[in-house]
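*Asks:* Sequence first, predicted model second:
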Amino acid sequence: MTTSANAGHLPSRRLVLSRLLSRDMVSRRKAARAFLLALAASMSAIGLAATSAWLLDRAAQHPAVLTLTAAIGAVQLFALGRAGAGYAQRLETHDLAFGVLGRLRVMCLSALAPLAPAALASHTSGDLLERATDDVDTLQNLYLRAIPPFVVAGGTSLLSVALAGFLVPQSGAVLAGGLLCAGVIIPLLAQRLGRDPGHAMVQGRASLQAATVESIQGAPELVAYGQADRAIERLVELHLALAGQARRAAHRRGLIEGLSSTIVGATALGMLAMAVPAVRAGLLPGVDLAVLPVLGLAAMDAVSGLPGAFSHLHEDIEAGARLLGLESIPPPVTDPEQPAPAPAGVPRLMAQGVTLRYAQDGPNAIENLDIDLLPGEILAIVGPSGSGKTTVANALLRFWPITSGSISLDGTDLESMTGDDARSIVGALDQRTHLFSTSIGDNLRIAKPDASEDEMWAALSLAHADKWVASLPDSLRTQVGEGGASVSGGERQRLALARLLLAGRTVVILDEPTAGLDPSEAMEMLRDVLEALSGRSVLLITHRREEAALADRVIGLSHGRLTAVQVQDTTSPSFPGVPTRAPAAFDQVEDDLECGSRTRQSST
Amino acid sequence: MRIESLRFTWPGREEPALDNLDLDVWPDEHLALVGASGSGKSTLGALLLGFVQPSAGRIQVDGTDLGRIDLASWRQRVSWLPQKPTLFRGSIRDNILLGFPQATGQEMDAALHASGAEELLGGLPGGLSTLLDEGGWALSAGQRQRLALARALIRPADLYVLDEPTAHLDPELEQQVASRIWSHLTGRAVLVTTHRVALLDGADRVMEISQGRLAAQRGPATPGSWPP
């Protein structure tokens, strides 16, 4: 759709509207059914009003009952038809609208997925939440209150004008004029007047949402530092600004609706005024007189909701633009058109001359980096805080595009695979483990949706979390709270580790997996994890020397560059500390691994 | 500050996070708490800040029960670094000044130095004016931790509760930051939870918590080991 490369660029209004009403959003068949039902309901309402008005008039003349039979039948038919068709039409339009909203939500989430995490960094979570929830909900107005009555009004207007014109041509003309005003001119005016407040309200809601989410996330610190009142003041300010915009919009809407009602009344009166001379002249039977204003009122009723709906139209389009705008954000890493198959087994991971820059004009986070991770090897990357260790993980997981160089798995270039395929091989446990606000079991099943309880317990046991989970009253069904708020830092990391083990990746990046654990506990867990990962390749990112000592090889990273390849000086006198190993030395490597420094037991 | 027979159980848990804990902290004491993860160290922080109320026992400040002191005025006397600090959208300066908005330039420099954020800012072209995304996304865990530490250290307080202030720093930097924290906070009461030897070295007393109870105590530190 859009070719915009700008992350903040919103598609044009016309484009948004045509996309929101396009065939793949709105099923034409359902739309046609809804239209016909709405037309039937609306025509029945007009018919009912006209025939019952005539019936009342005629009945006042005390005619023979027999002469009223046809009219009574018509009133009954229209009354039943209006109720039946009205009910069916509501079902159909709501089904249609909620179907579209569902598709929009799916679209929104599918657009977000490839953007995470690189391209989402510049968006606040509150703003994204606003798009996925309120923006979608806002569009209800478009699909329920704006478009259907607008489309139906065309049909009913033609028929009611024809009927009124047949009775008294001048009345027909007045009705046509009234309908034109109330159904076209006023809605357009409403749309124009609603544009500024609509825009401001969508923006204001997004700011309020973003500030609210941030204040809640940082609430403990705001309270501890005595800044909670200031944060609340800021939220109140944003809220008042939004309320001000809402008031402005309501004033304008009130004006429009008042104008609209005036036109409805004026039209009915005008039709009556035109009909009276016709009755005097004998052109219209007196008993038909009441039919005209009642017909006018019923016909106007079909369009009377349009000004209100159209005053929201700009808000709808703005919300739609924000939703569709997500699709125009270029994903940082794109999947190839014809992806290469993912290698089977435990692949050899090679990075050659890899450079990665987060911002185009920023510094290199890693520079000209070579890594050769052999199948089943444990390689540690050590380096000071901010030296680019985590960037290595971002590159290997295909979260960020590399600026130059290449990364391959068993000779298959990582960039020739889909991101999902790459991540089905390479998995990570990082410093920002996220636990979802659900049960422990559900958090584990994110890694493997069909995991049995036994599998989950096995993974928990490897992560040394089984005793803890078993001690909880609700065991696997224990709720962890938002972001895992009710579990401690170490418990969180253990659950995340169990989740990773359950996912069964063959190349595993452990990014400071033991931060927050005490040293003895950390070493014990890391040993167990490495044992559990036996046979898979492990890239261990750490700054604890004793942890790096568990690896087969250690490389040092400083300012994004490889600094040194260290020999294990603590426990591995037999392990040769060569910088990189030639592929030819594969067997030798296997031997080395067997007698190397690793603590895992050979499980093969 | 005196903690007496303190017990606390998180809602929905059967095991108490803290069980019958007794602890005295003197006005100028540097106290380190160690213990396995889940032993209740962070829970103590939440209790001290009045985020949660003890299930039993009490916390006394200068002889008065914490429950009877106005929480807002008590929190003014405390500076807290949570284990998972939040950085807000805005400049690094604003993020640090959150701890003490009226801080002078000198106080800012001192806090930056003590937290090790000084070196980090040197590498950023925008310096203190560098704008952070929500949560400080572009920074590494260690960098975020140093900024949050600066925020806690810039705040003048009677009690500093620092939860794992150096967990994400590399050993060399950690050693530096640990000694700077202790000297920056000379004469103040500090309760630091940690697993790291670097911080333990400078503490007057080290207490181990296990399953919510005091398990062992060491110190006061051997004379000469600290200050250097």
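*Replies:* That came through fine. Residues are numbered from 1 along each chain as shown, chains lettered A, B, ... in the order given.
*Asks:* wait, what's in contact with the residue of the stretch 301-450 of chain A found nearest chain B?
*Replies:* Per C-beta to the nearest C-beta, A:S385 is where the stretch 301-450 of chain A lies closest to chain B, at 3.0 Å. Any C-beta I mention is one placed from the backbone N, CA and C, and that applies to glycine too. By C-beta atoms under 8 Å, 6 or more residues apart in numbering or on different chains, the residues touching A:S385 are A:543, B:140-143, B:146, B:168-170, B:173.
*Asks:* rerun that using 6 Å as the cut-off
*Replies:* The neighbours of A:S385, taking C-beta atoms under 6 Å, 6 or more residues apart in numbering or on different chains as the test, are B:142, B:169-170, B:173.
*Asks:* got the residues of chain B near chain A?
*Replies:* Residues of chain B lying near chain A by C-beta under 6 Å from any C-beta of the partner chain: B:14, B:36-38, B:49, B:75-76, B:80, B:83, B:86, B:88, B:98-99, B:133-134, B:137, B:140-143, B:167-170, B:173, B:195.
*Asks:* on that earlier part again, lowest pLDDT pick from the contacts of A:S385?
*Replies:* In terms of pLDDT, B:D170 ranks lowest among those, with 81.
*Asks:* Spatially nearest residue to that residue (excluding sequence neighbours)?
*Replies:* For B:D170, ignoring the flanking residues on the chain, the nearest one in space by C-beta to C-beta, 6 or more residues apart in numbering or on different chains is A:H543 at 3.8 Å.
*Asks:* Flag the shaky bits of chain B, pLDDT-wise.
*Replies:* For chain B, the stretches with pLDDT under 70 are B:37-38, B:219-228.
*Asks:* the strands in it, which residues?
*Replies:* B:2-8, B:18-24, B:30-34, B:56-61, B:64-65, B:78-81, B:90-91, B:131-132, B:159-163, B:189-193, B:205-210, B:213-218 (DSSP state E).
*Asks:* got JSON lines for those strands, with mean neighbour count and distance to A:P11 too?
*Replies:* Listed next are the strands of chain B as JSON lines, based on neighbours: other C-beta atoms under 10 Å in any protein chain shown; distance: least, C-beta to C-beta, whole Å:
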{"stretch": "strand B:2-8", "mean neighbour count": "18", "distance to A:P11": "53"}
{"stretch": "strand B:18-24", "mean neighbour count": "18", "distance to A:P11": "56"}
{"stretch": "strand B:30-34", "mean neighbour count": "24", "distance to A:P11": "55"}
{"stretch": "strand B:56-61", "mean neighbour count": "17", "distance to A:P11": "57"}
{"stretch": "strand B:64-65", "mean neighbour count": "11", "distance to A:P11": "61"}
{"stretch": "strand B:78-81", "mean neighbour count": "26", "distance to A:P11": "44"}
{"stretch": "strand B:90-91", "mean neighbour count": "16", "distance to A:P11": "30"}
{"stretch": "strand B:131-132", "mean neighbour count": "15", "distance to A:P11": "27"}
{"stretch": "strand B:159-163", "mean neighbour count": "23", "distance to A:P11": "46"}
{"stretch": "strand B:189-193", "mean neighbour count": "25", "distance to A:P11": "51"}
{"stretch": "strand B:205-210", "mean neighbour count": "19", "distance to A:P11": "57"}
{"stretch": "strand B:213-218", "mean neighbour count": "14", "distance to A:P11": "62"}
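*Asks:* and A:S404, how many residues sit next to it?
*Replies:* Look at A:S404: counted by other C-beta atoms under 10 Å in any protein chain shown, it has 12 neighbours.
*Asks:* I'd assumed A:T355 was in contact with it.
*Replies:* Yes: at 4.7 Å, A:S404 counts as touching A:T355 under the criterion of C-beta atoms under 6 Å.
*Asks:* Around chain B, which positions in chain A sit nearby?
*Replies:* A:121-122, A:124, A:217-218, A:221, A:224-227, A:384-386, A:390, A:431, A:473, A:488-491, A:515-519, A:521, A:543.
*Asks:* where do the strands sit along chain A?
*Replies:* A:349-357, A:364-373, A:378-382, A:404-409, A:412-413, A:426-429, A:507-511, A:537-542, A:553-558, A:561-566.
*Asks:* quick one: low-confidence ranges for the stretch 401-550 of chain A?
*Replies:* Within the stretch 401-550 of chain A, the stretches with pLDDT under 70 are A:431-432, A:483, A:489, A:516.
*Asks:* Tell me which residue of it lies closest to chain B.
*Replies:* Counting by C-beta to the nearest C-beta, the stretch 401-550 of chain A gets nearest chain B through A:G490, at 2.1 Å.
*Asks:* Please parse chain B into its domains.
*Replies:* For chain B, automatic domain parsing gives the domain ranges B:1-77+B:160-165+B:189-228, B:83-156.
*Asks:* So which of the ones you listed is the most surrounded?
*Replies:* Comparing the domains of chain B by mean neighbour count (mean count of other C-beta atoms under 10 Å in any protein chain shown), domain B:83-156 ranks first with a mean of 19.
*Asks:* Start and end of that one, how far apart?
*Replies:* 20 Å (C-alpha to C-alpha, to the nearest Å).
*Asks:* what does stretch B:153-173 give?
*Replies:* Start-to-end, stretch B:153-173 (C-alpha to C-alpha) is 17 Å.
*Asks:* Would you mind measuring from A:L158 to A:G308?
*Replies:* A:L158 is 23 Å from A:G308, where distance means C-beta to C-beta, to the nearest Å.
*Asks:* Same drill for those two, tell me which one is more crowded.
*Replies:* Set A:L158 next to A:G308 and count neighbours by other C-beta under 10 Å: A:G308 wins out with 18 against 12.
*Asks:* can you pull the pLDDT of the more buried one?
*Replies:* On the pLDDT scale, A:G308 gets 80.
*Asks:* next one: stretch A:520-537 to chain centre, how far?
*Replies:* A distance of 37 Å separates the centroid of the chain from that of stretch A:520-537, by C-alpha atoms, centre = their mean, to the nearest Å.
*Asks:* Equivalent analysis for stretch A:95-104, please.
*Replies:* Worked out by C-alpha atoms, centre = their mean, stretch A:95-104 lies 14 Å from the chain centre.
*Asks:* May I see the buried residues of it?
*Replies:* A:96-97, A:100-101, A:104 (16 or more other C-beta atoms under 10 Å in any protein chain shown).
*Asks:* How about the residue of the stretch 301-450 of chain A closest to chain B: what's its closest non-neighbour residue?
*Replies:* Closest to A:S385 by C-beta to C-beta, 6+ apart is B:G142, at 3.0 Å.
*Asks:* what sits against the one you found?
*Replies:* A:385, B:168-169 are the contacts of B:G142 under C-beta under 6 Å, 6+ apart.
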